[in-house]
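J.: Dropping a prediction and its sequence here:
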Amino acid sequence: MKYYSGIDLGGTKIYSIVINENGEILSRNKQKVGDNKDVNKILEIINDSYKLSIENAGLKENDIFAIGMAVPSAVNIEKGLLLNAPNLGWKNIEMAELLSKMTHKKVFIDNDVNLGTYGEYCNGIEKKFNHLYGIFAGTGIGGGYIQNGEIIRGAGSTAGEIGHIIVKYKGPKCNCGNRGCLEAIAGKVGIMKYIQKKVDKEGKTTTLEIISPNWRNSIGSSALRKAIEANDTLVKKAIKRSAQFIGIAIANIINSIGVEAIILGGGLIEELGDIYMPIIESNMKKYSIAGGALPVKLIQSTLGDDAVAFGAAMIVTKKETEKYLIISKEALE
Ligand SMILES: [Zn+2]
């Protein structure tokens, strides 16, 4: 039996799993990332999480065939190069080589939402759909595009950056530097900016002042759920707006590339899926041309926290990925 490690490097946590060659998850480990965003410091935490997940699975490091790692960045997969992770402040880092050096394993790295979509695809959907798009909405919004089992990355490795398609000309400023990106409106950061603007400039009130007093700096999706349950009209309006824009973005995807299914995940969808999904669906249908959305299945993610790490581990089980495995000098010894 062969075993594989999947690692999800997020902005706030590192999540590692171990799977066997049948795609069964044997163990999980979660480690928090502190405020220190130094590459070597974070690599150490990754290494700890990786080792603990192997231990939890009752295995030895020697049992692991290869590591797949997901990073919040566009990635040059041939070179194992992390191109630009704005949330970590990292650019052009040879992440696969560094991790291979540390673990003495073969390493493959890719964008986190590409791998999250791939994880969902490998979790039963692959039997039903050949052509699907994944959208993960949390603090930001990311996308992944899969055709016949292959992740489509585009010539510049940026395909699937759905969070940065512009849905409102001269709209709110985005972390990427542009204005009116989907993420800047419909991601959690965009939602909170909208609520803040309504409170500060139009004198609107929100129950978030009580539910989550620090809401202006940071907020969990569960606090938004509580506000909606408390009948907070401002939060309700902000979530509706977010869902409408995601629906419009999906109509744009359908109008341009015509997928068979859209899979939605991420913190906002996990927590508020019952509110998001119907609004997304009606807008996706309204704005796609000539009934193009009618045969498109809209699916909510079922893997939750596992999706990205599972996709990272699954992709290194595939023969097609072998040519992209980065092997450091240390790993060959
Ligand atoms: Zn942007």
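T.: Right, received. Where do you want to start? Residues are numbered from 1 along each chain as shown.
J.: what residues does the stretch 101-250 of the chain put near the ion?
T.: Residues of the stretch 101-250 of the chain lying near the ion by C-beta under 5 Å from the ion: 164, 174, 176, 178, 181. For glycine as for every other residue, the C-beta is placed from the backbone atoms N, C-alpha and C.
J.: Now for the last one, how many residues are close by?
T.: When neighbours are defined as other C-beta atoms under 10 Å, residue 181 has 28 of them.
J.: What average pLDDT does stretch 203-223 get?
T.: Stretch 203-223 carries an average pLDDT of 92.
J.: returning to that earlier point: restricted to helices, list the residues of the stretch 101-250 of the chain next to the ion.
T.: Per DSSP state H, helices hold no members of these.
J.: Could you dump the residues you listed into TSV and include distance to residue 151?
T.: Below are these laid out as TSV (distance: C-beta to C-beta, whole Å):
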residue	distance to residue 151
164	18
174	24
176	21
178	24
181	22
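J.: Would you agree residue 85 is in contact with residue 92?
T.: No: Residue 85 lies out of contact with residue 92 (C-beta atoms under 8 Å); the separation is 10.2 Å.
J.: more crowded one of these two?
T.: residue 85 (21 against 12).
J.: Near the closest residue to the more buried one other than its chain neighbours, how many other residues are there?
T.: Spatial nearest neighbour of residue 85, chain neighbours left out: residue 73 (3.7 Å); criterion: C-beta to C-beta, 6 or more residues apart in numbering. Burial measure for residue 73: 24 neighbouring residues, criterion other C-beta under 10 Å.
J.: Backbone dihedrals for the residue of the stretch 1-150 of the chain found nearest the ion, please?
T.: Nearest to the ion, among the residues of the stretch 1-150 of the chain, is residue 140, at 8.7 Å (C-beta to the ion). Note on residue 140: backbone dihedrals following degrees, to the nearest 10 are phi -110, psi -170.
J.: pretty sure it is touching residue 163, no?
T.: Yes: under the criterion of C-beta under 8 Å, residue 140 makes contact with residue 163 at 5.5 Å.
J.: Next, show the common contact partners of these two.
T.: 183, 187 (C-beta atoms under 8 Å, 6 or more residues apart in numbering).
J.: For residue 108, give the beta-bridge partners.
T.: Beta bridges link residue 108 to residue 68, judged by DSSP bridges.
J.: Could I get the contacting residues of it?
T.: Contacts for residue 108 were tallied using C-beta under 8 Å, 6+ apart; they are 66-69, 77, 80, 96, 312, 315-316, 321, 324-326.
J.: possible to save those as TSV with pLDDT, distance to residue 169 and secondary structure?
T.: Putting those into TSV (pLDDT from 0 to 100; distance: C-beta to C-beta, whole Å; DSSP: H, G, I helix; E, B strand; the rest coil) gives the following:
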residue	pLDDT	distance to residue 169	secondary structure
66	97	45	strand
67	98	42	strand
68	98	38	strand
69	98	37	strand
77	94	33	coil
80	96	37	coil
96	97	38	helix
312	98	36	helix
315	97	37	helix
316	97	41	coil
321	95	39	helix
324	95	38	helix
325	96	43	coil
326	96	41	strand
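J.: Please enumerate the strands of this protein.
T.: 3-9, 13-20, 25-32, 64-71, 74-76, 81-85, 90-93, 106-111, 131-137, 141-147, 150-151, 261-265, 297-300 (DSSP state E).
J.: And the average pLDDT for the third one is what?
T.: Per-residue pLDDT over strand 25-32 has a mean of 96.
J.: quick one: buried residues of it?
T.: 25, 26, 27, 28, 29, 30, 31 (16 or more other C-beta atoms under 10 Å).
J.: Please apply the same query to the second one.
T.: Going by neighbour count (16+ other C-beta under 10 Å), the buried part of strand 13-20 is 14, 15, 16, 17, 18, 19, 20.
J.: Specify the beta-bridge partners of the last one.
T.: Beta bridges link residue 20 to residue 3 when assigned by DSSP bridges.
J.: for the second one, same thing?
T.: The bridge-partner assignment for residue 15, based on DSSP bridges, gives residue 8, residue 30.
J.: now swap in residue 141 and tell me
T.: Going by DSSP bridges, residue 141 forms beta bridges with residue 137.
J.: what sits against it?
T.: Contacts of residue 141 by C-beta under 8 Å, 6+ apart are 135, 162, 163, 182, 183, 186, 187, 246, 266.
J.: Contacts only, for the third one.
T.: Applying C-beta under 8 Å, 6+ apart to residue 163 gives the contacts 140, 141, 142, 143, 181, 182, 183, 187.
J.: cool, the last one as well?
T.: With contact taken as C-beta under 8 Å, 6+ apart, residue 266 is in contact with 135, 136, 137, 138, 141, 142, 301.
J.: mind running it again at 7 Å?
T.: 136, 137, 138 (C-beta atoms under 7 Å, 6 or more residues apart in numbering).
J.: I figured residue 297 hits residue 259, correct?
T.: No: using C-beta atoms under 7 Å, residue 297 makes no contact with residue 259, being 9.3 Å away.
J.: between those two, who's got more neighbours?
T.: residue 259 (22 against 13).
J.: where does that one fall, phi/psi-wise?
T.: phi -80, psi 170.
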